[in-house]
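In: below are the sequence and a predicted model for it; my questions follow.
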Amino acid sequence: MKEYKIIFAFLLIVSMAACNNGAEKTTPADNTAATTSTPAGGQEAVQDNDSEKDVVKVAVGSKNHTTLVAALKAADLVTSLSNAGPFTVFAPTNAAFDKLPAGTVEGLLKPEKKEDLQNILQYHVTLSALKAESFTDGQVLGMVNGDNVTISIKDGKVMLNNSATIIATIPASNGIIYVIDAVLLPPAKK
Amino acid sequence: MKKIKISIAGVALVSMVLLVQSCKPKNAGSAVNTDAASKAYVAPGKYDEFYNFVSGGFSGQLSVYGLPSGRLLKVVPVFSVDPEKGYGYSEETKPMLTTSNGSVPWDDLHHLDMSQTNGEIDGRWIFANANNTPRVARVDLTTFRTAEIIELPNSAGNHSSPFITENTEYVVAGTRFSVPPDNANGDVPINSYKKNFKGSISFISVDKGSGKMDIAFQLRCPGVDFDLSHAGKGKSHGWFFFSCYNTEQANTLLEVNASQRDKDFIMAVNWQKAEEYLKAGKGKKETVRYAHNIYDEKTHTATSEIRTQVTVLDIKELKDICYFIPCPKSPHGCDVDPTGEFIVGSGKLAALIPVFSFDKIQKAIAAKDFIGDYDGVPVIKYESALYGEVKKPGLGPLHTEFDGRGNAITTMFVSSEIVRWNIKDLKIIDRQPTFYSPGHLCIPGGDTKKPNGKYVIVYNKITKDRYLPTGPELAQSAQLFDITGDKMQLILDFPTIGEPHYAQAVEASVIKNNSVKFFKIEENANAYVSKGEGTAKVIRTGNKIDVYMTAIRSHLTPDNIEGVRVGDEVYFHVTNLEQDWDVPHGFAIKGALNGELLIMPGETQTLKWVPQKAGMFPFYCTDFCSALHQEMQGYIRISTAGSNVPLLFSTGKNLPPADSTSTAK
């Protein structure tokens, strides 16, 4: 009996800790124009195990995309990507993030780097669900962050900016996910 | 013991889940501050401060709400039949839905714009567009009823409509779908778009006194998709601005093929120049067919006529009417600030919001600062028309309204937020989440010279985090924000009908005192009116039976009718004799295939009924009118074809014979 009490207390502590984290994450009331205050826990949190999964739920369900999911959460982009879309999302794998110089991901996940993180992640999304067969060599895609990605096709392989290769295609309810093997980096600001 | 163990663990788990959920950061519920409800509460005995007219989208109707309460006050039928009003069911209202294609019972209403005088809402009419079978309607704001509908030839997908000029000189209607013009052969390959398809923008004049609409002229434009528009005002009065996409002129998979170019266009139209060409006889008369329907409140009857001519000005041949301004990424909203100097284009795929300057546009035109032409129309250099760009506003900017304090508020569809920014320095002042996927927004007078910056209402697509499930489709929502402070505050969330596209709002005082309370019976000029019970009658003309019926609390006259036969066509012309506010009567008869009637006080409405078989058919009042409403009923006896039962009608006189068990033959 005693051990169950302990478990109960432990669970309570864990849940309260979660609560504190949550409180820390909320944007301060005096948030300025520079910071975005995208809500969390809204439409994307609606319990629905029946419908087709949207791009966020597909990513959350993938073992190979835990870094991407953590980054989307840190950048407050989960609600946006739960939207009706339609989106084309280029989703770098954990291995792709691991290819970045050591410390890059950790650095980007810091709250003060949120805008940079948003910029990079928005560089992986374009509005409209582009079918694989619609890609053409030299095609330029306007990404959500405002920059362009160029597609090249060599030997049947589709590459982005000559640096990332599409290795899998996953249809989702609000778009299409293309799994890629490298992280796309937006062009440096002029 | 085992059971207890499990239940304890269960409690722990449940409590953990509850705690985690309870400390979730902001969601639709917690984002509403505690004083929100009191700000939206309007007590009995008090009226709302604003009317809010909201598009009903695919329902084809418009709805009227009170603000700040969010109370639904009325659904006004415009482009669809409406059983609640009898619209499209009564013989009097059927012609309103006539088009050159025949009767269209259901259309798609997207945008609303209220009539203006000197750039301010004057409260006389509200205009609406039919997106599918292209039409523009004028709703009379004394009766809250559709007064007029005009069809648009040479058009398809009337989306860029019904935006108006600052003295309601014109209502415009721009085509979303370019198509071959009506007098050209449309039986051509679809992929001949670039050669055969044309855009069309109609300028519909509005009579200052009666409000009657007439197509003054149409502009023949390059084949692109015209999306939204707004008139210039103040210094830019005389100009109109239209956003357009698909400048790629794609005819298939626009999702991909119309998103190729970095920039599409905003088209600036000098409509006063077009008027000059029109006066100079430069317009070409084209033979077309379109319906023009008018509801006359004296006869309480609509009439429909088919018109056969329209005057077209070709903007390729007639220089100086139109100019294209490059605008990033498929611009959607096209909004003009209260001064008329700034034109805001919202590219739904763009990562910025461009703001154009009317003065710079004029200078660029004078200096011929063009980068070339598009299908014969000059294209102004982007930088030469640009005032500046709002950087990183959010994801998916769609529509902008103005608060009258030098700021603009823009909806962000993808990132589900509204963003307030200063028009002069283009800096973002505030952003607030809205739940979820907002489209249009509305500030009272927010597209006029004189906005009332007390509230913004944001129209959202997604409500599944808070509206109880109602099957596969959920109601869309309006969210009311108090914008008087530095931070916009969400104070109310209420459901809308159909899909809320554009909306208008105005101080109640502009409209409420002009509202009609009843129609004067002595002025009723309906061909089948009965101005008193003494003139109620039943007339047979061949196999046509006209029942001149009256309704007043709490009986119908006549309420006993005999001598009508199978094979007859019966018309119940019911006049409501009440001369009192808010006392409509209804009329329904068993087995009627066409519906029922609702008759406003002083009005006459007609239901056509073709009896299918001999027998006894009750009729009654359907709109609760008094304590004896349930007694407001009658019978019509239907005899077999060829029967010689005499025509009889009465109220209160058809009493049983002395021997009440005997049966009259």
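Out: Cool, got the structure. None of these values were measured; they are calculated from a predicted model.
In: tell me which element B:Ile371 is part of?
Out: strand B:370-374 (DSSP states H and E).
In: ah, wrong one, I meant B:Asn185
Out: Judged by DSSP H and E, B:Asn185 forms part of no helix or strand.
In: next one, pLDDT for it please.
Out: Note for B:Asn185: predicted pLDDT of 93.
In: give me the neighbour count for it.
Out: Look at B:Asn185: counted by other Cβ atoms under 10 Å in any protein chain shown, it has 8 neighbours. Where C-beta positions appear, they are placed from N, C-alpha and C, glycine not excepted.
In: over to B:Glu596?
Out: That count, for B:Glu596 with other Cβ under 10 Å as the rule, works out to 18.
In: need the contact list for it.
Out: B:Pro83, B:Gly86, B:Tyr89, B:Gly586, B:Phe587, B:Ala588, B:Leu607, B:Thr622 (Cβ atoms under 8 Å, 6 or more residues apart in numbering or on different chains).
In: how far is the strand holding B:Ile371 from where the chain is centred?
Out: Remark: strand B:370-374 is offset 37 Å from the chain centroid, using Cα atoms, centre = their mean, to the nearest Å.
In: quick revisit: closest to chain A among the contacts of B:Glu596?
Out: Of all the contacts of B:Glu596, B:Pro83 has the smallest distance to chain A: 31.2 Å, by Cβ to the nearest Cβ.
In: can you give me the helices for chain A?
Out: A:2-25, A:55-60, A:66-74, A:78-81, A:94-98, A:104-108, A:114-122 (DSSP state H).
In: and these, which one averages the lowest pLDDT?
Out: helix A:2-25 - the lowest mean pLDDT of those, at a mean of 42.
In: quick one: contacts for B:Pro584?
Out: Taking Cβ under 8 Å, 6+ apart, we find B:Pro584 in contact with B:Asn576, B:Leu598, B:Ile599, B:Met600, B:Pro601, B:Asp623, B:Cys625.
In: just the element for the fifth one, please.
Out: Using DSSP H and E, B:Pro601 falls within no helix or strand.
In: so what's it up against?
Out: With Cβ under 8 Å, 6+ apart, B:Pro601 has these contacts: B:Lys517, B:Phe518, B:Phe519, B:Asn576, B:Leu577, B:Glu578, B:Gln579, B:Asp580, B:Trp581, B:Val583, B:Pro584.
In: one step back: pLDDT of the strand holding B:Ile371, averaged?
Out: Rounded mean pLDDT across strand B:370-374 is 96.
In: show residues contacting that strand.
Out: B:Pro222, B:Thr247, B:Phe265, B:Phe324, B:Pro326, B:Ala364, B:Pro378, B:Val379, B:Ile380, B:Lys381, B:Tyr382.
In: if we go to 7 Å?
Out: B:Pro222, B:Thr247, B:Phe324, B:Pro378, B:Val379, B:Ile380, B:Lys381 (Cβ atoms under 7 Å, 6 or more residues apart in numbering or on different chains).
In: could I have the buried ones of those residues as ChimeraX selection syntax?
Out: In ChimeraX syntax, the buried subset of these is picked out as below (16 or more other Cβ atoms under 10 Å in any protein chain shown):
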select /B:222,247,324,378,379,380
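In: quick one: which of the contacts of strand B:370-374 is nearest chain A?
Out: B:Thr247 (14.6 Å).
In: now name the helix or strand holding B:Met256.
Out: No Met there; residue B:256 is Val. helix B:254-257.
In: buried residues of that helix, list them for me.
Out: Neighbour-count burial for helix B:254-257, counted by 16+ other Cβ under 10 Å, picks out B:Val256.
In: quick one: average pLDDT of it?
Out: Mean pLDDT, helix B:254-257: 79.
In: CA atoms only: put that helix into CSV for me.
Out: C-alpha atoms of helix B:254-257 as CSV (Å, rounded to 0.1, in the frame of the first residue of the first chain):
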residue,chain,number,x,y,z
LEU,B,254,-4.1,26.7,-60.2
GLU,B,255,-2.9,25.5,-56.7
VAL,B,256,0.5,25.0,-58.4
ASN,B,257,0.3,26.8,-61.7
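In: can you tell me if that helix touches chain A.
Out: Yes: under the criterion of Cβ under 7 Å from any Cβ of the partner chain, chain A is reached by helix B:254-257 at B:Glu255, B:Val256.
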